[in-house]
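Participant: Next comes the sequence, and after it the predicted model I'd like to discuss.
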Amino acid sequence: MSNLNRLPAKNYAYRGPIMHAFSRDDVRFLADGGLLVDAAGTIVNCDDWQAVKSLVTANGFEVVQLSPQNLLVPGFVDAHVHLPQMAVAGCQAENLLSWLETHIFAEESRFADDSYAQSVSEWFFKALLANGTTLAAVFLTSHPSASQIAFETAQRLGNRVVMGQNLMDVNAPASLLRSAPQLLAETEALCQNWHGQADGRLQYAWVPRFALTSSEALLSGIGALRQKYPDVYLHTHLSEQLTEIEAVKGQFPWAEDYTAVYERFGLLGGRTILAHGIHLSDDELTRLQGLDASLAHCPGSNFFLKSGRFRLMEVLNRQLRLGLGSDVGAGPELSLFKVMKDAQYMQADTLIPLKTLFYLATLGGAIALDQQNRLGNFEPGKEADFLILDLSAKSCLNSQKVNKQANQAKRLLSTLIYQGDDRLVEATYICGQLVYRRPIA
Ligand code: GUN
Ligand code: ZN
């Protein structure tokens, strides 16, 4: 955070319109609300201003008065994104496997150069904050040095992440492959350095890219690491495209389906994040739910690679933990506003409630990443990760036009989801600290 002035350590009360989610059908809107944050960045209270006013005075909170055009919301959670694909987002190819071969592996190979890794890491972590993403589950490359640089950069800029070195020992260019023993030693060392650092803002994940770039020795070694470090995350891809699933059948002929490959090596559990899961059978969904694994739905990416249609309502109705992911660079943009919209448009015949989309981008993502006790909404005791949005550019947000609070909340949500982008983000806070402020035009 060297490039930003840290706020002096004191208590702040943010007064203005506030919206946050408690469940997929309970999103609360306070037209004149107060978010009270103490000097340590912990939420003391969030309620109507009249209800918190006496606390503010009694405890000497400094009042930050927002304008009627502002809206205060929890920071967004990007449940699946690739740092080393920033420079090649939006490069088209026939399908997933040819896209990896044509664009992605060559770009990821460039991260052997530390100065390149440094410049993309800066770009990426600043861009997350400018888009209002306060927690992200991040894929890196297979280079330990570039991975170290990514952690250092996230720590310095104040980001909150779940991330780890990408582990590949087969079926990729030699420049990205390493032997399983070497990868396992490198990733364990990185984990020991970084897991839980920066007051828990930095969390480590074991990241086998997907089944096809993993030998059984590698998957089995990762299973052993999971036993040794039960609170470390596992993040990978699952069941994204039909050609990929066919190839998995060929490479792991003993597995009854794709999920069984990860199951066999003990990779699925409460801190497992699985990107996509588009073509899962009912039986696979049931097993994933039984194991309490999370899915990351990445609709922008699914449109771009023509991967198929995720069964969003079915997954929600089964109570699987689910977050939204930008999946940059298969997804073209980092903005969770765009991802919420794409999640709506992806469903051909079902209207997804606006509340549900907002929930998925905030509390749902926090639950998917097992961080709901720390963040996701403004419950007292949580860490204050929030955005000050500036809605002045969007005419339908003129609150004068809409009087009833319930209607106003609906209009706000509608505009955020269908018209929102990074231009709405005026300021981003993580644990009460300012980590991004929009430049003055
Ligand atoms: N499957 C394996 N690697 C990747 C990747 O980089 N992006 C996506 N979308 N799917 C993958
Ligand atoms: Zn991905």
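Facilitator: Alright, I've got the coordinates. Ligands and ions are numbered 1, 2, ... in the order given.

Participant: Listing request: residues of this protein with sub-threshold pLDDT.
Facilitator: Across the chain, the ranges flagged by pLDDT under 70 are 1-8, 395-404.

Participant: Spell out which parts of it neighbour ligand 1.
Facilitator: For the chain, the residues in contact with ligand 1 (CB under 6 Å from any ligand atom) are 82, 96, 100, 104, 209, 210, 237, 240, 301, 327, 330. In this view, the C-beta of every residue, glycine as well, is placed from N, C-alpha and C.

Participant: do that again at 8 Å, thanks
Facilitator: 82, 85, 96, 99-100, 104, 139, 209-210, 212-213, 237, 240, 244, 275-276, 298, 301, 305, 307, 327, 329-331 (CB under 8 Å from any ligand atom).

Participant: among the residues you listed, which are in helices?
Facilitator: 96, 99, 244, 301 (DSSP state H).

Participant: tell me the SS of the closest residue to residue 195 other than its chain neighbours?
Facilitator: Nearest non-adjacent residue to residue 195, counting by CB to CB, 6 or more residues apart in numbering: residue 204, 3.7 Å away. Classification of residue 204 using DSSP: H, G, I helix; E, B strand; the rest coil returns strand.

Participant: Report the contact partners of residue 204.
Facilitator: 162, 163, 164, 190, 191, 194, 195, 196, 232, 233 (CB atoms under 8 Å, 6 or more residues apart in numbering).

Participant: How about the residues of this structure by ligand 2?
Facilitator: By the rule CB under 5 Å from the ion, the part of the chain lying against ligand 2 is 275, 327.

Participant: Now with 6 Å, please.
Facilitator: 80, 82, 237, 275, 327, 330 (CB under 6 Å from the ion).

Participant: Adding neighbour count, write those out as TSV.
Facilitator: Below are the residues of the chain next to ligand 2 laid out as TSV (neighbours: other CB atoms under 10 Å):
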residue	neighbour count
80	30
82	27
237	26
275	28
327	32
330	31
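
Participant: quick one: the closest residue to residue 65 other than its chain neighbours and residue 45, what's the gap?
Facilitator: Leaving aside its chain neighbours, residue 65 sits nearest to residue 15 (5.3 Å; criterion: CB to CB, 6+ apart). From residue 15 across to residue 45, the span is 12 Å (CB to CB, to the nearest Å).

Participant: of those two, who's got more company?
Facilitator: Remark: of residue 15 and residue 45, residue 15 carries more neighbours, 22 against 19, as counted by other CB atoms under 10 Å.

Participant: Verify the stated contact: that one with residue 33.
Facilitator: Yes. Between residue 15 and residue 33 there is a contact at 7.3 Å, judged by CB atoms under 8 Å.

Participant: Identify the contacts common to the two.
Facilitator: Contact criterion CB under 8 Å, 6+ apart; residues shared by residue 15 and residue 33: residue 49.

Participant: So which of the ones in helices among the residues of the chain next to ligand 1 is surrounded by the most neighbours?
Facilitator: Using other CB under 10 Å as the neighbour criterion, residue 301 leads these with 28 neighbours.

Participant: which residues sit in contact with the residue in the stretch 251-400 of the chain that ligand 1 sits nearest to?
Facilitator: Taking CB to the nearest ligand atom, ligand 1 has its nearest neighbour within the stretch 251-400 of the chain at residue 330, 3.7 Å off. Residues near residue 330 by CB under 8 Å, 6+ apart: 85, 96, 99, 298, 300, 301, 304, 305.

Participant: Flag every buried residue along the helix or strand hosting residue 55.
Facilitator: Using DSSP states H and E, residue 55 maps to helix 49-58. Neighbour counts over helix 49-58 (16 or more other CB atoms under 10 Å) mark 49, 52, 55, 56 as buried.

Participant: Could you measure from the last one over to residue 101?
Facilitator: Read it as residue 56. On the measure of CB to CB, residue 56 and residue 101 end up 58 Å apart.

Participant: by contact count, what packs against the longest helix seen in the chain?
Facilitator: As assigned by DSSP H, the longest helix anywhere in the chain is helix 114-130. When contacts are defined as 3 or more CB pairs under 8 Å, 6 or more residues apart in numbering; DSSP states H and E, helix 114-130 sits against helix 144-157, strand 425-430, strand 433-437.

Participant: quick one on the thing from earlier: please identify which of the buried residues of helix 49-58 is nearest to residue 23.
Facilitator: Nearest to residue 23 out of the buried residues of helix 49-58 is residue 52 (CB to CB; 22.6 Å).

Participant: what sits against that closest one?
Facilitator: Taking CB under 8 Å, 6+ apart as the test, what residue 52 contacts is 13, 34, 36, 45, 46.

Participant: Just the ones in strands from those residues, please.
Facilitator: 13, 34, 36, 45, 46 (DSSP state E).

Participant: Looking at those, which is nearest residue 26?
Facilitator: residue 46 (14.2 Å).

Participant: Quick check, residue 338 in contact with residue 298.
Facilitator: No. Contact criterion CB under 8 Å: residue 338 and residue 298 do not qualify, at 11.4 Å.

Participant: In terms of packing, which of the two has more residues around it?
Facilitator: Just comparing residue 338 and residue 298: by other CB under 10 Å the higher neighbour count belongs to residue 298, 34 against 20.

Participant: Quick check, the more buried one in contact with residue 339.
Facilitator: Yes. Between residue 298 and residue 339 a contact is recorded at 7.4 Å, counting by CB under 8 Å.

Participant: what's the overlap in contacts for these two?
Facilitator: Joint contacts of residue 298 and residue 339 (CB under 8 Å, 6+ apart) are 324, 325, 326, 331.

Participant: quick one: which helix or strand includes the spatially closest residue to the second one that is not a sequence neighbour?
Facilitator: Spatial nearest neighbour of residue 325, excluding adjacent residues (CB to CB, 6+ apart): residue 80 at 3.0 Å. With secondary structure defined by DSSP H and E, residue 80 is part of strand 76-82.

Participant: between that strand and helix 114-130, how many degrees?
Facilitator: 150 degrees (axes from the mean of the first three to the mean of the last three CA atoms, to 10 degrees).

Participant: Could you list every helix and strand that strand 76-82 packs against?
Facilitator: Counting contacts by 3+ CB pairs under 8 Å, 6+ apart, strand 76-82 packs against strand 133-139, strand 272-276, strand 294-297, strand 321-324, helix 336-346, helix 365-368.

Participant: where's the closest residue to residue 62 other than its chain neighbours relative to residue 54, distance?
Facilitator: What sits nearest to residue 62 in space, not counting adjacent residues and going by CB to CB, 6+ apart, is residue 12, at 5.4 Å. To residue 54, residue 12 is 17 Å away according to CB to CB.
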